[in-house]
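[1] What follows is a predicted structure for the sequence shown.
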Amino acid sequence: MASGDGTPEQLLEKADRWREVIGGSVHDSVTASIYTTASQVASEVVTTESDADKSSAVSWLDRLVTSRLLGVPFMVALLAAVLWLTIVGANIPSGFLAGLLMEEGGLASWCHEVLGVTLPASVSVSLLELLRQAFTALHSPWWLTGFLVDGVYLGLAWVVSVMLPPMAIFFPLFTLLEDLGLLPRLAFNMDRYFRRVGGSGKQALTMAMGFGCNAAGVVACRIIRSPREKLIAILTNNFVPCNGRWPTLIMAASLFVAAGYSAVSMALVSAVAVTVVALIGILATGLVSLLLSKTLVKGVPSSFALELPPYRRPQILRVLYTSFIDRTLSVLWRAVVCAAPAGGLIWLLHAIPVGQGNLFDTIAAILDPVGRAIGLDGIILLAFIFAIPANEIVIPTVIMGYMSLGHMAEIDNPALLFRENGWTILTAVCLMLFSVLHYPCTTTSWTIWAETRSVKWTLLANLLPLVLAMAVCFMVAQAGFRFESVLDMF
Amino acid sequence: MKCPNTSGMTLDKLSLGESAYVASVGLDGTFRHRLLDLGFVPGSQVTAVLRSPDGGLISYRAKGADIALRRADAAQVRIATALRRQEQWSARQGGSTKRPGGRPSSVEVDASSPHEVPVVALAGNPNTGKSTVFNALTGLRQHVGNWPGKTVARLEGSWSYQGRGFRIVDLPGTYSLLSDSPEEEIARDFILSAEPDCVVVVADATCLERNLNLAFQIMEITPHVVLCVNLIDQARAKGIRVDAGRLEELLGVPVVTTCARQRRDVARLGEWIDRVACRRVVPQPVRVRYEDHLEQALKDVADDLDHLLPRVSSRWMALRLIDGMDAGVRQWVSVGKPKDLRAPSDRPRCRSCAACRA
């Protein structure tokens, strides 16, 4: 075979001919040669202190996490522990922020309860009260004060005081676990579950990322090779609660499911309740994956190889610091961009008279029958509509919806406010279920579109959860009503 | 390559804690290549270490790293309980190296870099702390986008050393450059066509052997390589020591051991990146010796390629052409260098320096 000059075509032909001569797989041969060399180099360069035979050593944590009996319970307990820490840790900052920003009397009651200190009356005033005084002093018209203070500011204040602390605590804890290296172990344990429902073991990884943020979970689906399994993972990522939904679940659980328990066990019961709801979400992920793989997204399962990197000691302080700051800033930003305008809009709707009442009540009344049928009410439903851009504003919007113009007394005691508006434990349960199962937020929807480039799948990603959420809440509500009326008979 | 001692034992039958040697890998296609790249090559030792609660997945230790496989897939890998001494694996499969010897030498500066601002690529296996190295070098001056035509994230940033500016591109984590996953295509194409001035291969000190697979492949494409042996603190904690000096001699490229969280180490790495990227040092990496037939073929085809495409590593290209699985390389030879992977023209958006804010 002549060398030197030659056209590209001749070169390609030559290469093809050589391939036939060699026979077998060039890739195999090359890899084998490279590894033989690598072996030789490594044997000269790498030394291991072998006091014990390390070739099959496995860390105790791995033994625990993958153990037949304890593995799955351990992971569930870990989730519950993280939620418990979130609940307990968020209590005091929440109280502080609520007092500072909104409550009558400002920080007086918080200082008294938490620090045992009595504040002088001159500083026992909240920012809300100060703003009102300022606006009045400037002779601002009622509608401007109302819109800006009772609407925009209050919307911000609710999200910051009630939603921010749990979010700022949960996310760093979650990131710590991620940094430690637990996520691949999660996929290791759940591969069979996901394979059974037609997905891939890696779906466990993307689902776990969804606990932090659903949009991030959708992006993480890129690690799934098979387009079919990737689509299923994208479409079902929404069924696990994201960082913005944990506070909603926590609040509903603490105020209603754990009501009546002592202060100490309240946090524990709430944590358990939220964990159960999260598990329901995982169940929903499985069921919907199964449904999709049997109908719209059929195909055969793919192979996979999962690397289990060794556990890494996370840089605790650095992770806590950066994710805490990141998360706090990002929640504040979303509060400004979504909660403040929502608050303003609610106030506006309350202020526009329609017949005997106002526009807000009218809209809520239209939605009410649908809401009641699924165990909620019109205002809660309206709140979920408002919360399409940001899941975390559901509870604040419900609270502001219930509070009529300028009414301040119930700020200290949201539970009372809810009960006055007909909430029972059933309402709280339906709220939690709806929150976990409903459509994704706009960021996630946009991300789904960006990843799938398909309007059809993006629409399905919104409609399917909505239908599921409504169906499940309907069944639970109807069963609950029957149960309640049976109980009433006694 | 089949090991004659096939007693019918397959990988899934291995009990926890037991070891064996890989005899042959069944299966086919991408997954098979993936297994080989991960270190399940005939002749290497594997140990079963962990089983999932339901028993469906088993984790095997191969080349120092743990890889979990499904039972059905593990059943496709034949194993042998002992290597026969008479089997001269090395001779049949090639594998010794042509050693140029000595430390990287200072050579006449080759001034023909195609870039205004030197481009440095970071490559490496997944989970080697590559992103820590990237962050340590670029700080906040990063820009995230997508590789053209693919949904794989592309991280780019700027780094400066002694007043000189560099552009750093973080390539997707890959186990090798020989297979056809999107990440590997991206990494390979970038190194080939964008001609980075330096490629930093970030390796995990705790499983160096497996990481050397990628390192050797990259060294085949370009000589301007710095090997960063990262996670050295974790290795030390496991009682593993790496002799960087000897490694340098054996490989023919600069070797820097780092714990990417230590500034000192990153500074040393930066020094070497600067030297290699600015051509003050031109490494002479070793060549892996392949099977005899393949070596002949390479020599023949590479000679022609030298004339056709003088700027590109002809040995590598010849390898891909003979392998026949790489459509991109065939296209390159017949049509020309692909356009969309040349060094990016959009500037990374950094948030700190005045030049970028302007």
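    Good, I have the coordinates. This one's a predicted model, so the numbers in the text were calculated from it and none came from an experiment.

[2] can you map out the helices along the stretch 151-300 of chain B?
    Along the stretch 151-300 of chain B, counting by DSSP state H, counting those that start in this stretch, helices occupy B:182-189, B:208-221, B:232-237, B:244-251, B:263-277, B:292-308.

[3] okay, those helices in JSON lines with mean neighbour count and distance to A:Gly355 next?
    Quick note: C-beta positions are derived from backbone N, CA and C, even for glycine. Shown next, in JSON lines, are the helices of the stretch 151-300 of chain B (neighbours: other C-beta atoms under 10 Å in any protein chain shown; distance: least, C-beta to C-beta, whole Å):
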{"stretch": "helix B:182-189", "mean neighbour count": "22", "distance to A:Gly355": "60"}
{"stretch": "helix B:208-221", "mean neighbour count": "25", "distance to A:Gly355": "73"}
{"stretch": "helix B:232-237", "mean neighbour count": "18", "distance to A:Gly355": "71"}
{"stretch": "helix B:244-251", "mean neighbour count": "18", "distance to A:Gly355": "82"}
{"stretch": "helix B:263-277", "mean neighbour count": "19", "distance to A:Gly355": "70"}
{"stretch": "helix B:292-308", "mean neighbour count": "19", "distance to A:Gly355": "84"}
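
[4] ok, now which ones touch the residue nearest the centre of chain B?
    The centroid of chain B falls nearest to B:Leu214 when counting by C-alpha atoms, centre = their mean (2.2 Å). By C-beta atoms under 8 Å, 6 or more residues apart in numbering or on different chains, the contact set of B:Leu214 is B:123-125, B:174-177, B:201, B:203.

[5] quick one on the thing from earlier: same list, the helices of the stretch 151-300 of chain B, but as JSON lines with distance to B:Ala68 and mean pLDDT please.
    Listed next are the helices of the stretch 151-300 of chain B as JSON lines, based on distance: least, C-beta to C-beta, whole Å; pLDDT from 0 to 100:
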{"stretch": "helix B:182-189", "distance to B:Ala68": "19", "mean pLDDT": "84"}
{"stretch": "helix B:208-221", "distance to B:Ala68": "15", "mean pLDDT": "92"}
{"stretch": "helix B:232-237", "distance to B:Ala68": "20", "mean pLDDT": "87"}
{"stretch": "helix B:244-251", "distance to B:Ala68": "29", "mean pLDDT": "92"}
{"stretch": "helix B:263-277", "distance to B:Ala68": "31", "mean pLDDT": "91"}
{"stretch": "helix B:292-308", "distance to B:Ala68": "32", "mean pLDDT": "84"}
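
[6] Now A:Leu290: which helix or strand?
    In the assignment (DSSP states H and E), A:Leu290 maps to helix A:263-294.

[7] tell me which residues in that helix are buried?
    For helix A:263-294, burial by neighbour count (16 or more other C-beta atoms under 10 Å in any protein chain shown) applies to A:266-275, A:277-278, A:280-282, A:284-286, A:288-293.

[8] Can you name the secondary structure element that comes next after it?
    Next along the chain from helix A:263-294, counting by DSSP H and E, comes strand A:305-307.

[9] can you list contacts of that next one?
    With C-beta under 8 Å, 6+ apart as the test, strand A:305-307 has contacts from A:184, A:187-188, A:191, A:201-202, B:31, B:34-35, B:38, B:57, B:65-69, B:73, B:126-127.

[10] go with 10 Å
    A:184-185, A:187-188, A:191, A:200-202, A:204-205, B:31, B:34-35, B:37-38, B:40, B:57, B:59-60, B:65-70, B:73-74, B:125-127, B:175, B:207, B:210 (C-beta atoms under 10 Å, 6 or more residues apart in numbering or on different chains).

[11] Pairing partners for that strand, with directions?
    Here strand A:305-307 is paired, per DSSP bridges, with strand B:65-70 (antiparallel).

[12] Now do the strand it pairs with: distance to the chain's middle.
    A distance of 20 Å separates the centroid of the chain from that of strand B:65-70, by C-alpha atoms, centre = their mean, to the nearest Å.

[13] State the mean pLDDT of it.
    Averaging pLDDT along strand B:65-70 gives 92.

[14] quick one: that strand to helix B:208-221, angle?
    Strand B:65-70 and helix B:208-221 are oriented at 100 degrees to each other (axes from the mean of the first three to the mean of the last three C-alpha atoms, to 10 degrees).
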